[in-house]
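S.K.: Need the 3D shape of this:
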Amino acid sequence: MEEKILSMKNIYPFHMPGHKRNKKFMYKNLLDLDFTEIYGLDNLQKPNGIIKKAESDCAKIFGCKKSFFCVNGASVAILAAVFSVCQEKEEIIAMRESHKSFYNALELRNLKPVFLYGKNFYSGIDYLELEKLLKKSNAKAVFITSPNYKGFCLDIKKIAQLTHKYKKILIVDEAHGAHFIFNKNFPVGAIKNGADIVINSLHKTLPCLTQSAILNLNKNDLVDINRVKKYLNMFQTTSPSYIFMSVMDKTLKFISQRGFYDNYVKKLVDVRKILSRNKIFELANKNHVQKFGFYDFDISKLVFFINLAQKNINWEKILIEKFKLGIEMQGLNYFIALSSIADNDYGFNLLIKAINSLEKKFCHEYKKINFCDLKQVKLKNALSIKKTLSRKKKYIELKKSENKICADYITLYPPGVPLIIPGEIISQDIICLIFDLLKRNLNILGLKKNLFVSVIN
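M.R.: Next up is the predicted model:
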């Protein structure tokens, strides 16, 4: 394992983690920071010393009432957030495009999801539909993901106003937006827009170590802090990494210096201007925001929509093998190069060289593609997730599974959003969608040998 990982060290990383292996942002010898809860080093389960001070400093940086360090990633913060506001069997309104960790919370808490669908699998939401659900639902909270994996953002200010109008709590999975607060050219962060609980995954877009995250509470006192503490302590390890916490503390203070992001943002604007000239590898920009039903767009996400007659090309493999450049992920008709403050001129120039070279190579195969993304398939629910997972199961051929009750998650990964969840009835539309994704060599979790699906026996 170590040998294979080290063999990738010369691949330039346009992917997570956000430190990009740039030593400028990392302590020289991390082993020096690997301690435990001895006298003088505080305790994450009940911080009263250096951890309490670091979390307080973090809250000031993010402009919120309280910040909690999460050393098990944003997933544990999502679990704690949902558990802290919802009791067993209560309803929660949620975007269907939510991360797998949210569905884990539904299962463990035995909640009843009221799903908010977009026109397509990764499109924006209908705010009128949200208000209809708020009016008729008994839900305690609303769970929203913004930005999504591609960097497109919803109107969180409007969603917060609607949510509070009906006296409900707004939880925002802002895992991909931890950097928003550091420069005015990024979208406005969810805390400033009025969300009650905001989860940020620091390692995704900031120069922090993998598994670093924070849970932020707004200043409006709608959330019981003691319940949040209780569930964070329940779900997090009792042996927290002092390496993770130290790096989070130091990094946030380092990058929050006035003007620290200015040069990076200027470089981003210049790079995007150059890359926007391409036709086959069409760079996503703010013109796509309205088209896809969103409110804003994160310029640090370099998303390339592919206008090409050919399909099933493994762009990840080509970019690594030919250009020594690693990208974040490849989707149905796009791929994502994730940038951060830790990127350098060499990396940006390599990306420009690679994209321009591929543009030239495929210039005679241009075909304008309608980027509607994955079709949002609405599925009927027969059983709760918890009840479904307690039932006996069997595997049958996917092509023969129509009208059966799905007994497992079938998830497109990345980004980790389930196409179908336990308890939903398998339709012909979802079967066709899954087979289409498999033909395009995308990574689908939850199937056996890519041909068999688990159903209720």
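
S.K.: Sketch out the low-pLDDT regions of this protein for me.
M.R.: For the chain, applying pLDDT under 70 flags the ranges 121-122, 372-375.

S.K.: what's the longest helix in it?
M.R.: helix 345-361 (DSSP state H).

S.K.: Quick check: next helix or strand after that helix?
M.R.: For helix 345-361, the following helix or strand on the C-terminal side (DSSP states H and E) is helix 385-389.

S.K.: Check which helices and strands that following helix sits against.
M.R.: helix 100-109 (3 or more Cβ pairs under 8 Å, 6 or more residues apart in numbering; DSSP states H and E). C-betas here are computed from N, CA, C, even on glycine.

S.K.: Need the contact partners of the helix it packs on.
M.R.: 74-76, 78-79, 82-83, 86-88, 92, 94, 111, 113, 143, 173, 385-386, 389, 409, 411, 416-418, 421-422 (Cβ atoms under 8 Å, 6 or more residues apart in numbering).

S.K.: From those residues, which land in helices?
M.R.: Using DSSP H, these in helices are 74-76, 78-79, 82-83, 385-386, 389.

S.K.: Select only the buried ones of these in PyMOL?
M.R.: Buried subset of the ones in helices among the contacts of helix 100-109, written as a PyMOL selection, criterion 16 or more other Cβ atoms under 10 Å:
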select buried, resi 74+75+76+78+79+82+83+385+386
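
S.K.: Now flag whichever of the ones in helices among the contacts of helix 100-109 is closest to T205.
M.R.: A74 (11.7 Å; Cβ to Cβ).

S.K.: quick one, what contacts the closest one?
M.R.: 99, 101, 173, 175, 199-201, 213.

S.K.: From K20, how far out is it?
M.R.: 19 Å (Cβ to Cβ, to the nearest Å).

S.K.: Also G194?
M.R.: Counting by Cβ to Cβ, the gap from G194 to K20 is 32 Å.

S.K.: Of these two, give the one with the bigger neighbour count.
M.R.: Neighbours were counted for G194 and for K20 using other Cβ atoms under 10 Å; K20 has more, 21 against 18.

S.K.: Strictly from the record, what residue spans define the domains of the protein?
M.R.: Split into domains by automatic domain parsing, the chain comes to 30-255, 261-365, 385-456.

S.K.: Between the two ends of the first one, how far is it?
M.R.: Yep, that's domain 30-255 we're talking about. Domain 30-255 has an end-to-end distance of 19 Å (Cα to Cα, to the nearest Å).

S.K.: Report the distance from it to the chain centre.
M.R.: 11 Å (Cα atoms, centre = their mean, to the nearest Å).

S.K.: try the last one
M.R.: Here domain 385-456 shows a centroid-to-chain-centroid distance of 21 Å under the convention Cα atoms, centre = their mean.

S.K.: count of neighbours near D34?
M.R.: 11.

S.K.: For it, which non-adjacent residue is spatially closest?
M.R.: Take D34 and drop its neighbours on the chain: the residue closest to it by Cβ to Cβ, 6 or more residues apart in numbering is I243, 5.5 Å away.

S.K.: Not counting its neighbours along the chain, what's nearest S84?
M.R.: R227 (4.1 Å).

S.K.: if I pick that neighbour, what's in contact with it?
M.R.: R227 neighbours (Cβ under 8 Å, 6+ apart): 83-85.

S.K.: same check, this time on M16
M.R.: 203-204, 210, 328, 338.

S.K.: again, only using 7 Å
M.R.: 203-204, 328, 338 (Cβ atoms under 7 Å, 6 or more residues apart in numbering).

S.K.: which one among the residues you listed gets closest to T163?
M.R.: Out of those, the member with the shortest distance to T163 (by Cβ to Cβ) is K204, at 24.8 Å.

S.K.: Distance check, the closest one against A382.
M.R.: From K204 to A382 the distance is 35 Å (Cβ to Cβ).

S.K.: So for these two, which sits in the more crowded spot?
M.R.: Neighbours were counted for K204 and for A382 using other Cβ under 10 Å; K204 has more, 25 against 15.

S.K.: which residues in the stretch 51-200 of the chain form helices?
M.R.: 74-85, 100-109, 127-136, 156-165 (DSSP state H, counting those that start in this stretch).

S.K.: what's the angle from the second one to helix 74-85?
M.R.: Looking back up the chat, that one is helix 100-109. 40 degrees (axes from the mean of the first three to the mean of the last three Cα atoms, to 10 degrees).

S.K.: Helix 100-109: which residues count as buried?
M.R.: 100-107, 109.

S.K.: Next, count neighbours for K165.
M.R.: For K165, using other Cβ under 10 Å, the count is 11.

S.K.: what's the closest non-adjacent residue to it?
M.R.: L134 (7.5 Å).

S.K.: ok, that neighbour touching I169?
M.R.: No. In this structure, L134 is not within contact of I169 by Cβ atoms under 7 Å, at 11.8 Å.

S.K.: Between the two, tell me which one has more neighbours.
M.R.: The neighbour count for L134 versus I169, taken as other Cβ under 10 Å, is higher for I169 (23 against 19).

S.K.: who's in contact with the residue nearest to the more buried one when sequence neighbours are not counted?
M.R.: In space, and not counting its chain neighbours, I169 is closest to A141: 4.4 Å by Cβ to Cβ, 6+ apart. By Cβ under 7 Å, 6+ apart, the contact list for A141 reads 85-86, 92, 168-169, 171.

S.K.: out of these, who has the most neighbours?
M.R.: For those, neighbours tallied by other Cβ under 10 Å; top is I171, 31 neighbours.

S.K.: so who does that one touch?
M.R.: Counting by Cβ under 7 Å, 6+ apart, I171 has contacts 81-82, 141, 143, 196-197.

S.K.: Repeat that for N216.
M.R.: 62, 64, 67, 191, 198, 200.

S.K.: what sits opposite the last one in the beta ladder?
M.R.: Spelled out, that is N200. Beta-bridge partners recorded for N200 (DSSP bridges): I214.

S.K.: The spatially closest residue to A178 that is not a sequence neighbour and K150, how far apart?
M.R.: Nearest non-adjacent residue to A178, counting by Cβ to Cβ, 6+ apart: N200, 3.9 Å away. As judged by Cβ to Cβ, N200 and K150 stand 18 Å apart.

S.K.: ok, the nearest residue to N138 once chain neighbours are set aside to C208 distance?
M.R.: Setting aside the residues directly before and after it, N138 is nearest to E91 in space (Cβ to Cβ, 6+ apart), at 5.3 Å. Distance from E91 to C208, counting by Cβ to Cβ: 35 Å.
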